[in-house]
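*Asks:* Below are the sequence and a predicted model for it; my questions follow.
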Amino acid sequence: MISWSSELLHWWEYLYVFTVKEIKARYKKAIFGFIWILLNPLLQMLVIGFIFQFFVPVKVNNYFLFLFVGLLPWNFFSYSVTKNTPMILNERNLIKKAKFPRETIIISIILSNLFHLLISWFILFLALIVNKILNEHYALPQLIGYSLRLLLTLPILGWLTGLTVAFSLLFSALNVKYRDINFIVQAIMPLWFYATPVIFTLQILPKQFGQFLYINPVTGVVELLHAIILNQPVLNIFWVIVDFFVSVCFLVLSWYVFKREAKYFDDWI
Amino acid sequence: MKRKVVDQNISITLKDVTKVYQLYHDKPTLVERLFNRNSIEEFTAVNHLSLHIKQGQKVAIMGRNGSGKTTLLKLICEISHPTTGKVSHSGKIVSLIDLEAGFHPEMTGYENIYLNGTVVGMDRKEIRQKIDQIIEFAGIGKFIDSPVYTYSSGMMLRLGFSIAVHADPDILILDEMLAAGDIDFQKKSVKKIQQFFQQNKTVITVSHNLEFLEKHYDRFIWMNKGKIIDDGGKEIVKKYLKSKI
């Protein structure tokens, strides 16, 4: 029997190699692979911002910035979950070939997307800090305080990553036995987008309805990011904290379901 | 670090193992499951099978199509899990099933060695040490820096075979005899497999090539309908042949 620690080491080995593969493969497809990561949310921001500023009475100082801060994490989440849902079937060659921890396939996709998200995120930081220097003439101590505040978003992105892992593991495992899960996920993703406060704030919704959106745990993540970067008020911090604990429980549950189902992937693919 | 010790306890044990597959006529879907509760047909591929394979045994598994041979190999590799019963093994298993699987077409041969090498159970350090040997044995030449989609199917098989055999398995699983590449490479691969025979590694093979089996193997298992009909030395091959006629 292989010892527990060497098994864990192997687990990271798989995760590392798959993640590097995923990142490299992305750059092979397009020379400016990375540019697209940033260009996509920028274009979305411009189009949505242009249209919705006429419809949505959002009270924020900079609606375009507000959109961008929400779009980057949302795109990371939706792109990862949509891509991962059919992933076990797509990688059936690999799964039928050898025994290895199946969840590393799923998590590697998320880590490679996280890598791209973090690059965009730090470019956003840079732009924000430059803006503070040029337009608001921040002095050095103020700048350090502001930068530290921005860094607070990183644990929030960690939360989002955990949530992405949870949904990806659950959907990809279920999609093996129920092939229509993939279509269901594709159908609900656009609706999910509107159930997340990316293009609006919860405050503009009718009172009960705003609370209702906390059923979607991504709401808590996006609200906190808006709060840190843009000083937006959070509608109900209690429900945000509940969202966090629900996310943790959900991750444990999804992991358990995936591990249980993974034993029988070979039978179904 | 992990140093290779000659372990006398490398073995495979199957205890009362049964594998049942559910048969579907269509793609399984949630909607169907909710609205149309069909009775599910089942197929027992391996039926209450117990088996113990000691280190160094050269085991040949014979039987007609659908007798459960490949399922048995999958259970041993732990790619598939038994419905009931227990499968356990010690030592590193590498299977030469689906050699060309697990390559990423847009990545170079070099990058794919890392990918595929990891899948068959090597770590990066091990791959780094062996990568020259792997490339040399596969005979890929200049193509090693080209994306794998430019490879011929023979080249992919050769690279896959080379990676698998360099993973230094304790237990080697072969499904049918390999017909990878040209005659030169076939000779090379037979030689490599014979090296495994000499190194007292456990080799398990499923094949219809009885001549080859009789020559190289010392234990023969005859399967039918998911059960072991007979298990023993070379005399089993003759029994099997007779029964076929």
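*Replies:* Cool, got the structure.

*Asks:* alpha carbons only for contacts and neighbour counts from here, please
*Replies:* Fine.

*Asks:* Get me the contact residues on the stretch 1-150 of chain A for chain B.
*Replies:* For the stretch 1-150 of chain A, the contact set with chain B under C-alpha under 8 Å from any C-alpha of the partner chain comprises A:1-2, A:10, A:13-14, A:17-18, A:21, A:24-25, A:28-29, A:91, A:93-100.

*Asks:* hmm, try it at 7 Å
*Replies:* With C-alpha under 7 Å from any C-alpha of the partner chain as the criterion, the stretch 1-150 of chain A meets chain B at residues A:1, A:13-14, A:17, A:25, A:28, A:93-94, A:96-100.

*Asks:* Now a ChimeraX select for only the buried ones of those residues.
*Replies:* To isolate the buried ones among those in ChimeraX, judged by 16 or more other C-alpha atoms under 10 Å in any protein chain shown, type:
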select /A:13,14,17,25,93,94,96,97,98,99,100
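
*Asks:* From the residues of the stretch 1-150 of chain A next to chain B, which one has the minimum pLDDT?
*Replies:* Scanning the residues of the stretch 1-150 of chain A next to chain B for pLDDT, the low point is A:M1. It has 45.

*Asks:* In terms of pLDDT, where does B:L49 sit?
*Replies:* At B:L49, pLDDT is 89.

*Asks:* mind exporting the strand or helix carrying B:M223 as PDB, just the C-alpha atoms?
*Replies:* Here B:M223, judged by DSSP states H and E, is contained in strand B:219-224. What follows is strand B:219-224, C-alpha atoms only, in PDB (Å, rounded to 0.1, in the frame of the first residue of the first chain):
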ATOM      1  CA  ARG B 219      -0.100 -19.500 -15.400                       C
ATOM      2  CA  PHE B 220      -3.200 -19.800 -17.500                       C
ATOM      3  CA  ILE B 221      -6.700 -18.700 -16.400                       C
ATOM      4  CA  TRP B 222      -9.600 -19.700 -18.500                       C
ATOM      5  CA  MET B 223     -12.700 -17.500 -18.100                       C
ATOM      6  CA  ASN B 224     -16.200 -17.900 -19.300                       C
END
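
*Asks:* Just want the residue of chain B that's nearest chain A.
*Replies:* B:T29 (4.0 Å; C-alpha to the nearest C-alpha).

*Asks:* isn't that residue right next to A:Y178, touching?
*Replies:* Yes: the pair B:T29 and A:Y178 passes the contact test of C-alpha atoms under 7 Å, sitting 4.0 Å apart.

*Asks:* Pull the number of nearby residues for the closest residue to A:P233 other than its chain neighbours.
*Replies:* In this structure, A:P233 finds its nearest non-sequential neighbour in A:A227, 5.9 Å apart by C-alpha to C-alpha, 6 or more residues apart in numbering or on different chains. Neighbour count for A:A227, taken as other C-alpha atoms under 10 Å in any protein chain shown: 14.

*Asks:* The residues of the stretch 1-150 of chain A next to chain B: which two are farthest apart?
*Replies:* Farthest-apart pair in the residues of the stretch 1-150 of chain A next to chain B is A:M1 and A:K28; separation 39.4 Å (C-alpha to C-alpha).

*Asks:* And what about B:H48, helix, strand or coil?
*Replies:* Following DSSP: H, G, I helix; E, B strand; the rest coil, the label given to B:H48 is strand.

*Asks:* er, A:F100 actually
*Replies:* coil.

*Asks:* Skip the chain neighbours and tell me the closest residue to it.
*Replies:* According to C-alpha to C-alpha, 6+ apart, the nearest residue to A:F100 is B:V119 (6.8 Å).

*Asks:* do A:N113 as well
*Replies:* Here the residue nearest A:N113, using C-alpha to C-alpha, 6+ apart, is A:F76, at 6.4 Å.

*Asks:* Just to check, that neighbour is in contact with A:S112?
*Replies:* No: with contact defined as C-alpha under 7 Å, A:F76 and A:S112 do not form a contacting pair (10.1 Å).

*Asks:* residue in the stretch 151-269 of chain A nearest to chain B?
*Replies:* Taking C-alpha to the nearest C-alpha, the stretch 151-269 of chain A has A:Y178 as its residue nearest chain B, at 4.0 Å.

*Asks:* residues touching A:Q232, list them.
*Replies:* When contacts are counted by C-alpha atoms under 7 Å, 6 or more residues apart in numbering or on different chains, A:Q232 touches A:H226.

*Asks:* Secondary structure element for it, which one?
*Replies:* Per DSSP H and E, A:Q232 falls between elements, in no helix or strand.

*Asks:* Which positions in the host helix or strand of A:F183 come out as buried?
*Replies:* A:F183 belongs to helix A:181-194 when elements are defined using DSSP H and E. Buried residues in helix A:181-194, defined by neighbour count with 16+ other C-alpha under 10 Å: A:I181, A:N182, A:V185, A:Q186, A:M189, A:F193.

*Asks:* Please apply the same query to stretch A:42-58.
*Replies:* So, applying 16+ other C-alpha under 10 Å, buried residues of stretch A:42-58: A:L42, A:M45, A:G49, A:V58.

*Asks:* Where does pLDDT dip in chain A?
*Replies:* A:1-4, A:28-34, A:56 (pLDDT under 70).

*Asks:* Longest helix of it, counting residues only.
*Replies:* Secondary structure of chain A per DSSP state H: the longest helix is helix A:103-136.

*Asks:* For whatever helix or strand comes next after that helix, list the C-alpha coordinates in CSV.
*Replies:* For helix A:103-136, the following helix or strand on the C-terminal side (DSSP H and E) is helix A:140-151. Taking C-alpha atoms only, helix A:140-151 is exported to CSV below (Å, rounded to 0.1, in the frame of the first residue of the first chain):
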residue,chain,number,x,y,z
LEU,A,140,2.2,57.2,0.1
PRO,A,141,0.6,56.2,3.4
GLN,A,142,-2.8,56.6,1.8
LEU,A,143,-1.7,54.5,-1.1
ILE,A,144,-0.4,51.7,1.1
GLY,A,145,-3.7,51.7,3.0
TYR,A,146,-5.6,51.5,-0.2
SER,A,147,-3.4,48.7,-1.6
LEU,A,148,-3.9,46.7,1.5
ARG,A,149,-7.6,47.2,1.2
LEU,A,150,-7.5,45.9,-2.4
LEU,A,151,-5.6,42.8,-1.2
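
*Asks:* Could you pull out the buried residues of helix A:140-151?
*Replies:* Within helix A:140-151, the residues that count as buried by 16+ other C-alpha under 10 Å are A:L143, A:Y146, A:L150.

*Asks:* For chain B, see how far away the last one is.
*Replies:* It refers to A:L150. Going from A:L150 to chain B by C-alpha to the nearest C-alpha, to the nearest Å gives 36 Å.

*Asks:* okay but that residue is in contact with A:L230, surely?
*Replies:* No: counting by C-alpha under 7 Å, A:L150 sits too far from A:L230 to count as a contact (10.0 Å).

*Asks:* Need the contact partners of the helix or strand harbouring A:F66.
*Replies:* Assigning secondary structure by DSSP H and E places A:F66 in helix A:63-84. For helix A:63-84, the external contacting residues (C-alpha under 7 Å, 6+ apart) are A:41, A:45, A:49, A:106, A:109-110, A:113, A:117, A:164, A:167-168, A:172, A:185-186, A:189, A:198-199, A:222, A:226.
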